[in-house]
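Novice: Have a look at this prediction, sequence included:
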Amino acid sequence: SPQAARIDFMAAPGPGFQAHDATAPVPPTGRVHRLDLRVQEVQREVAPGVRQQLWTFNGTAPGPVLRGRVGDTFEITLSNDGSVDHGVDFHAGALAPDGPMRPIEPGERLTYRFTATKAGIWMYHCSTMPMLLHIGNGMYGAVIIDPPGLAPVDREYVLVQSELYLGPPDEPGDLAKMQAERPDAVVFNGHATQYAHHALTARAGDRVRFWVLDAGPSRSSSFHVVGGQFDTVYAEGRWLLRPADPGGAQVLQLHPAGGGFVETVLPEAGHYPFVSHAMVDAERGARGVIEVSAR
Amino acid sequence: SPQAARIDFMAAPGPGFQAHDATAPVPPTGRVHRLDLRVQEVQREVAPGVRQQLWTFNGTAPGPVLRGRVGDTFEITLSNDGSVDHGVDFHAGALAPDGPMRPIEPGERLTYRFTATKAGIWMYHCSTMPMLLHIGNGMYGAVIIDPPGLAPVDREYVLVQSELYLGPPDEPGDLAKMQAERPDAVVFNGHATQYAHHALTARAGDRVRFWVLDAGPSRSSSFHVVGGQFDTVYAEGRWLLRPADPGGAQVLQLHPAGGGFVETVLPEAGHYPFVSHAMVDAERGARGVIEVSAR
Amino acid sequence: SPQAARIDFMAAPGPGFQAHDATAPVPPTGRVHRLDLRVQEVQREVAPGVRQQLWTFNGTAPGPVLRGRVGDTFEITLSNDGSVDHGVDFHAGALAPDGPMRPIEPGERLTYRFTATKAGIWMYHCSTMPMLLHIGNGMYGAVIIDPPGLAPVDREYVLVQSELYLGPPDEPGDLAKMQAERPDAVVFNGHATQYAHHALTARAGDRVRFWVLDAGPSRSSSFHVVGGQFDTVYAEGRWLLRPADPGGAQVLQLHPAGGGFVETVLPEAGHYPFVSHAMVDAERGARGVIEVSAR
Ligand SMILES: [Cu+2]
Ligand SMILES: [Cu+2]
Ligand SMILES: [Cu+2]
Ligand SMILES: [Cu+2]
Ligand SMILES: [Cu+2]
Ligand SMILES: [Cu+2]
Ligand code: NA
Ligand code: NA
Ligand code: NA
Ligand code: NA
Ligand code: NA
Ligand code: NA
Ligand SMILES: [Zn+2]
Ligand SMILES: [Zn+2]
Ligand SMILES: [Zn+2]
Ligand SMILES: [Zn+2]
Ligand SMILES: [Zn+2]
Ligand SMILES: [Zn+2]
Ligand SMILES: [Zn+2]
Ligand SMILES: [Zn+2]
Ligand SMILES: [Zn+2]
């Protein structure tokens, strides 16, 4: 398509573009978390020179990162400010989908209440069919439930991988491309080149934790930090590696809707790219940079 | 293709269609299990309004689920009632392929004897080249070898994910589509919409175990239950999560020929979809529903 | 393309073709390992009747296997004997990419020094953009860092899976095919049919270890030995299965840049194929044979 053909994956985001803040939120102190989640259809740059209409939770794709601890309750008020039906599904809680995940019409609202009984990084997304289209158009986000005793680190980021299937400028994505699994770009936190040009930051010797969620809708991820090694890997609720283990990992392997975190100590100042090591995806946007300053 | 173009992924199976029974068989009490496995070429509905010739073991795709315990011996008599060469390969046992996996001609039979020394859910499939075509045409199934001490649950299902590459009506699948990895549908237990219309069942509070095998031939799976969380995950012979662990899982991540099981307690009455969360596949059939009734 | 259309995946390699030696190197005794790594552009058969220009490390794709122990230091002298810029990235060590991974011009050299602090099988590859093209054209290899206490086995092989995207005869691969993830072949150790015709060998009862690295650039792997079962699985720095565990595995599941090893005891004489069980890839070259002789 004309828009896809003109993506320059080396170019900086356009003037005025604000990179999505990848900093992980601090877990709030209370045990009940209330959030207004508004479905908003917005127009936004997703790659240099490429604008799309996105269907979002609270104006951004991905939507806000929620965070809490095992046992916390989340009370979400979903409002549909969009033009078509939408809904929401939180993987972080267990409940019958019939009521809380039902589609609501424009102008309606519903309350979605769940208790987080299990740790992990959980996807949430629009629950309205076809979900391929609603997720593919921007309706996804992450809920982090800390494993008990999770140690603090120096820097903590959240990266959500997703695919872009471009439609005409300022219009929604192309369902036919989604059905053919023909993405025009694969991105972290919603924009193809934002973190290549607005790098994440750390200092030499910092322990950095990356929470990674593969929102898909359809492609797997193989998350890697160039120049780094993961001494800690936690995936789908399970510790796979801890710092005292003799082994290390080069990739965090995720399928769509899978998530986890990795930790690495970046040893010296410099520029450390991160990618999905599925290189076809790295070349079409699944990359960024961590800029590490001298301590 | 004309058949692919007219699949209605929302439609019910046609009149007279019998949904594949997903209930896991009970492990038999003996230690030697004998089975006649007949290769039969049948014509069958695989999606609403779509019929294919399938190459099957015992008339269905997937073939029968075999089950036993570590140390059990299986003695299989394979008969080729088809029109071309076929054979069989059981991942559940270790042996030199030369004899037991050899192709046999129509009208021939062979005996395949193996002892199951390791637990897991193991694929079996036709061993005749091109296996892409024989598996893609329906020749696959599962052998369950229970891990020692596996606790009983309230419901136990077996779901085998596979791809459909449609040929003309009532003819075999299209090899060129298989070679291009262009499936027309991705299904559980052989039909695109059977479990959306003939739901699996459970009662509120039931612990439900899903044995899942990705038969491919070529695509990975990301098995998810909407509204549920997995507190138990066992994949490729390894416990990844047990109920006492603080973490939980949203997906069971499998590559072709990979298998495992997950458990979830469905907390209340309602309709819980299950999917491969690779949404392109969920939209083309990799979904179903668990109908949970009040206790 | 004409070259792709004429691949005969059943044919033997051409006259004079030397199969890539899959035998794992013995870990050297010293603690500092020095290696000259020369980028060389060569013309070579990659499938029966198909020749490509490959960009290589030391003349072969994959490049040499490096091996050592936790704590060892590697000192690599990279020389660019090619016609375009190249560089190198070793996942086996942690360091700022800025200096050591920089592209160097033809005729230049650099020294890349790293200490291996973590065990595993680690990818190395050209670090010059577009990496999709440089890896897709042959610039990849493996570094094995033994887990402490790794027991000796009877046979030990290294298999690196990669994709081929054919260009015209004796020219480099086709970037457009790489960008569309349309491989013409998927191979182990660089040639589509070498191990089907020049089998790996073992004796009945041997414990065989396969180190497997998925070099991509873009496709996942599902490594399987027909007739065998894995009683030992180590992936991305983590033991998943040991022989005393009651479970076994049929596949080693890897995403691009992921690696590990599996062990199996091949019980009797015969021919045991190995494949990526993503059957579309097995049919286009991701297979070989282990010939097991009587003890
Ligand atoms: Cu790297
Ligand atoms: Cu890399
Ligand atoms: Cu869900
Ligand atoms: Cu979901
Ligand atoms: Cu097999
Ligand atoms: Cu198999
Ligand atoms: Na949920
Ligand atoms: Na990016
Ligand atoms: Na087998
Ligand atoms: Na289905
Ligand atoms: Na590195
Ligand atoms: Na091969
Ligand atoms: Zn929506
Ligand atoms: Zn800088
Ligand atoms: Zn019916
Ligand atoms: Zn067959
Ligand atoms: Zn995977
Ligand atoms: Zn109902
Ligand atoms: Zn030869
Ligand atoms: Zn290069
Ligand atoms: Zn032989």
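Specialist: Sure thing, it's come through. Ligands and ions are numbered 1, 2, ... in the order given.
Novice: The residue in the stretch 51-200 of chain A positioned nearest to ligand 16: neighbour count?
Specialist: Of the stretch 51-200 of chain A, the residue with the smallest distance to ligand 16, taken as C-beta to the ion, is A:Glu181 at 28.2 Å. Glycine gets a C-beta too; all of them are placed from N, C-alpha and C. Applying the criterion other C-beta atoms under 10 Å in any protein chain shown, we find 20 residues in the vicinity of A:Glu181.
Novice: Repeat that for A:Tyr140.
Specialist: Applying the criterion other C-beta under 10 Å, we find 26 residues in the vicinity of A:Tyr140.
Novice: what is the rounded mean pLDDT of stretch A:136-150?
Specialist: Stretch A:136-150 shows an average pLDDT of 98 in the prediction.
Novice: Just the CA atoms of that stretch, as CSV, please.
Specialist: Backbone C-alpha positions of stretch A:136-150 (Å, rounded to 0.1, in the frame of the first residue of the first chain) are rendered in CSV as follows:
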residue,chain,number,x,y,z
GLY,A,136,-4.8,-4.9,15.4
ASN,A,137,-6.2,-1.4,15.6
GLY,A,138,-4.7,-0.5,18.9
MET,A,139,-6.9,-1.9,21.7
TYR,A,140,-4.4,-3.7,24.0
GLY,A,141,-2.4,-3.1,27.1
ALA,A,142,-0.8,-4.8,30.1
VAL,A,143,-1.6,-5.4,33.8
ILE,A,144,1.4,-6.2,36.0
ILE,A,145,0.9,-8.3,39.1
ASP,A,146,4.2,-8.4,41.0
PRO,A,147,5.5,-11.8,42.1
PRO,A,148,5.7,-11.8,45.9
GLY,A,149,9.1,-10.6,47.0
LEU,A,150,10.1,-9.1,43.6
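Novice: Distance from that stretch to the middle of the chain?
Specialist: Stretch A:136-150 sits 8 Å away from the centroid of its parent chain (C-alpha atoms, centre = their mean, to the nearest Å).
Novice: Does that stretch reach ligand 3?
Specialist: No - for stretch A:136-150 and ligand 3, the contact criterion (C-beta under 5 Å from the ion) is not met; the two come no nearer than 10.9 Å.
Novice: Report whether that stretch contacts chain B.
Specialist: Yes - using C-beta under 8 Å from any C-beta of the partner chain, a contact is recorded between stretch A:136-150 and chain B, made by A:Gly136, A:Pro147, A:Pro148.
Novice: Only the buried residues of that stretch, if you could.
Specialist: Using 16 or more other C-beta atoms under 10 Å in any protein chain shown as the burial criterion, the residues of stretch A:136-150 that qualify are A:136-147, A:150.
Novice: In JSON lines: the residues you listed, plus distance to ligand 16 and secondary structure.
Specialist: JSON lines is the format used below for those (distance: C-beta to the ion, whole Å; DSSP: H, G, I helix; E, B strand; the rest coil):
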{"residue": "A:Gly136", "distance to ligand 16": "37", "secondary structure": "helix"}
{"residue": "A:Asn137", "distance to ligand 16": "42", "secondary structure": "coil"}
{"residue": "A:Gly138", "distance to ligand 16": "44", "secondary structure": "coil"}
{"residue": "A:Met139", "distance to ligand 16": "43", "secondary structure": "coil"}
{"residue": "A:Tyr140", "distance to ligand 16": "41", "secondary structure": "strand"}
{"residue": "A:Gly141", "distance to ligand 16": "45", "secondary structure": "strand"}
{"residue": "A:Ala142", "distance to ligand 16": "44", "secondary structure": "strand"}
{"residue": "A:Val143", "distance to ligand 16": "46", "secondary structure": "strand"}
{"residue": "A:Ile144", "distance to ligand 16": "47", "secondary structure": "strand"}
{"residue": "A:Ile145", "distance to ligand 16": "47", "secondary structure": "strand"}
{"residue": "A:Asp146", "distance to ligand 16": "50", "secondary structure": "strand"}
{"residue": "A:Pro147", "distance to ligand 16": "47", "secondary structure": "coil"}
{"residue": "A:Leu150", "distance to ligand 16": "51", "secondary structure": "coil"}
